[in-house]
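Asker: I would like to see how this sequence folds:
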Amino acid sequence: MQRWRGISASPGLVIAPAKTWRRAALRVDWRTPPGGDAAHERERLERALEMTRAELSSLRSQLRQQLGEEQAQILDAQLLILEDEDFLSVVDRAIESERLSAEAAFTRAMAEALIPLDLRGDGLFRERMTDFRDVEQRVVRALTGGSDPVPQLDEACILVTPQLTPSETAALDLAHVRGFCVDEGGHTGHTAIIARSLGVPAVVGLRDFSGRVEDGVDLAIDGATGEVMVDPDAATLRRFEVRIRRRRQAEERLLRIRDVAAETTDGRRVELSANIELPQEVDLALANGARGIGLVRTEYFYLSTSHLPSEEEQVASYRDLLERVGDAPVIFRALDVGGDKLLAAMGGMREYNPFLGLRGARFLLSHPEILHTQLRALYRASRYGSMKIMFPMVCDLEELRAFQSEAAAVRDVCTARATNSTPNSSSGS
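Answerer: Down below sits the predicted model:
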């Protein structure tokens, strides 16, 4: 038996055979096509782009049906790459001026676009690189006539792979997937999000695990600790089976009392809420009896994109979360970056001692444009549910008062705008 340790991405215990899969490498012919017909190559590229758009749109629909709109939106980033005029103009110039084939021009332009992300070496940027690479693979396959590489699953398995993109996940028969073991990725990556939505264990960041596991060998996964046992011995199998049975029994007992009021023996009511890091965790929290959300860590809305989310984007996200929770209270914590959380949209700022320096309250107060945009979005979204706002990492009374002053000013502006935009507002009761 071999024991591996990676990053816990989705909790749970499972024993199942491994299904190993490694994406076939694409080969690009860098020779100038006979005749160097740029018009022909541009036509080939446009057809390939259209095929890829249709393919990704279809996969998005599949993911939406399987896991819902929130997870399906993961694929929007790839669709946007296909509409990036600046990027496509670089491809077009290479076809026109250097007489490169469409696939060679597209591959080179993608490599150049990924250089800044690769140099950063940050987990968030690696996720973005995965999106770009996925698009590259699909466009080149459309140009060269390659087939979709995703494996056909016909029995329960643990999928073992170096990397899994959102579109590849959407193409899988997820009904047969009992768990994921992935060489790359992190806790907030695409695979982790989808695994938690499916409720299956997942361990990521396993480095070269996929290259050292045989197809069909039994695996035992502990998603909570990030441990993977390869070809577990009899004692390990018994231990896992006992833990799985006890976990299942415990879950059944908890579900039976899910709707019982959280109340002490002397009649004092306790409000049981859930803390969430990802929007996808809301449904799971409510399904297990949480009365509202005690803390929404809003960093996800910023760290999941390479640009600062606009006020409208934030309003839509906060509204969706509030409407899913219903009448129960939700506490949003304002953006808390710094320390181990670097804001990619602002260049991944680093400082000598970030945990004690410009983070949380001090970051927001020194970047009022970011604070005001988020506060406006939160106040506008508040009409769709019961909301409170928490300020992060406040260390003294002066910072608290500064936050309260900023919030009051933004709230007054939002109230005035709402009043002025309401027809016949002066005649209201």
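
Asker: tell me where the stretch 101-250 of the chain has helices.
Answerer: Counting by DSSP state H, counting those that start in this stretch, residue ranges of the helices within the stretch 101-250 of the chain are 102-120, 123-144, 166-171, 190-198, 234-256.

Asker: could I get the ones you listed as a markdown table with mean neighbour count, mean pLDDT and distance to Ala361?
Answerer: Every residue, glycine included, has its C-beta placed from N, CA and C. Shown next, in a markdown table, are the helices of the stretch 101-250 of the chain (neighbours: other CB atoms under 10 Å; pLDDT from 0 to 100; distance: least, CB to CB, whole Å):
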| stretch | mean neighbour count | mean pLDDT | distance to Ala361 |
| --- | --- | --- | --- |
| helix 102-120 | 18 | 81 | 26 |
| helix 123-144 | 21 | 78 | 23 |
| helix 166-171 | 25 | 78 | 35 |
| helix 190-198 | 25 | 79 | 28 |
| helix 234-256 | 12 | 91 | 37 |
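
Asker: what's the closest of these to Gly216?
Answerer: Closest approach to Gly216 among the helices of the stretch 101-250 of the chain is made by helix 234-256 (16.2 Å; CB to CB).

Asker: next, format the helices of the stretch 101-250 of the chain as JSON lines and append distance to Trp4.
Answerer: Formatted as JSON lines, those follow (distance: least, CB to CB, whole Å):
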{"stretch": "helix 102-120", "distance to Trp4": "26"}
{"stretch": "helix 123-144", "distance to Trp4": "20"}
{"stretch": "helix 166-171", "distance to Trp4": "22"}
{"stretch": "helix 190-198", "distance to Trp4": "16"}
{"stretch": "helix 234-256", "distance to Trp4": "13"}
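
Asker: now do the same end-to-end measure for stretch 20-32.
Answerer: The first and final residues of stretch 20-32 sit 37 Å from each other (CA to CA, to the nearest Å).

Asker: likewise for stretch 65-85?
Answerer: End-to-end span of stretch 65-85 (CA to CA): 30 Å.

Asker: centre of the chain to that stretch, how far?
Answerer: Its chain's average C-alpha position is 11 Å from that of stretch 65-85, according to CA atoms, centre = their mean, to the nearest Å.

Asker: average pLDDT for it?
Answerer: The predicted model assigns stretch 65-85 a mean pLDDT of 78.

Asker: can you check stretch 322-340 too?
Answerer: Stretch 322-340 shows a mean pLDDT of 85 in the predicted model.

Asker: export that stretch as PDB, just CAs?
Answerer: As requested, C-alpha coordinates have been extracted for stretch 322-340 and formatted as PDB (Å, rounded to 0.1, in the frame of the first residue of the first chain):
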ATOM      1  CA  LEU A 322     -29.700  36.500  -1.000                       C
ATOM      2  CA  GLU A 323     -32.600  35.100  -3.100                       C
ATOM      3  CA  ARG A 324     -31.300  31.600  -2.600                       C
ATOM      4  CA  VAL A 325     -31.200  32.000   1.200                       C
ATOM      5  CA  GLY A 326     -34.700  33.600   1.300                       C
ATOM      6  CA  ASP A 327     -35.900  35.400   4.400                       C
ATOM      7  CA  ALA A 328     -33.000  34.100   6.600                       C
ATOM      8  CA  PRO A 329     -30.300  36.600   7.600                       C
ATOM      9  CA  VAL A 330     -27.000  36.800   5.700                       C
ATOM     10  CA  ILE A 331     -23.800  38.600   6.900                       C
ATOM     11  CA  PHE A 332     -21.500  39.700   4.200                       C
ATOM     12  CA  ARG A 333     -17.900  40.400   5.200                       C
ATOM     13  CA  ALA A 334     -16.400  43.200   3.200                       C
ATOM     14  CA  LEU A 335     -13.300  42.300   1.100                       C
ATOM     15  CA  ASP A 336     -10.500  41.000   3.200                       C
ATOM     16  CA  VAL A 337      -7.300  40.800   1.200                       C
ATOM     17  CA  GLY A 338      -3.600  40.900   2.100                       C
ATOM     18  CA  GLY A 339      -1.600  38.300   3.900                       C
ATOM     19  CA  ASP A 340      -2.100  35.000   2.000                       C
END
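
Asker: which positions in it come out as buried?
Answerer: 322, 325, 329-339 (16 or more other CB atoms under 10 Å).

Asker: closest one of these to Asn288?
Answerer: Sorting these by how near they are to Asn288, with CB to CB, puts Val325 at the top with 13.6 Å.

Asker: and the closest one, how far from Arg319?
Answerer: To Arg319, Val325 is 11 Å away according to CB to CB, to the nearest Å.

Asker: helix/strand/coil for Tyr393?
Answerer: Wrong residue type there; residue 393 is Met, not Tyr. Counting by DSSP: H, G, I helix; E, B strand; the rest coil, the backbone at Met393 sits in coil.

Asker: with adjacent residues omitted, what lies nearest to it?
Answerer: Take Met393 and drop its neighbours on the chain: the residue closest to it by CB to CB, 6 or more residues apart in numbering is Gly360, 2.6 Å away.

Asker: can you check Ala171 too?
Answerer: Spatial nearest neighbour of Ala171, excluding adjacent residues (CB to CB, 6+ apart): Val150 at 4.3 Å.

Asker: is it true that that neighbour touches Glu168?
Answerer: Yes: in terms of CB atoms under 8 Å, Val150 counts as a neighbour of Glu168; the distance is 5.3 Å.

Asker: find residues that contact each of these two.
Answerer: Counting by CB atoms under 8 Å, 6 or more residues apart in numbering, Val150 and Glu168 have no shared contacts at all.

Asker: in strands, which of the buried residues of stretch 322-340 appear?
Answerer: When the buried residues of stretch 322-340 are checked against strands (DSSP state E), the matches are 329-333.

Asker: if I look at the residue nearest to Ala171, how far off is Arg60?
Answerer: Distance of Val150 to Arg60, given as CB to CB: 15 Å.

Asker: sorry, back to before: might you report the residue contacts of the residue nearest to Met393?
Answerer: Contact partners of Gly360, counting by CB under 8 Å, 6+ apart, are 336-338, 392-394.

Asker: which one of these is nearest Thr107?
Answerer: Ranking these by separation from Thr107, with CB to CB as the measure, puts Val337 on top at 34.5 Å.
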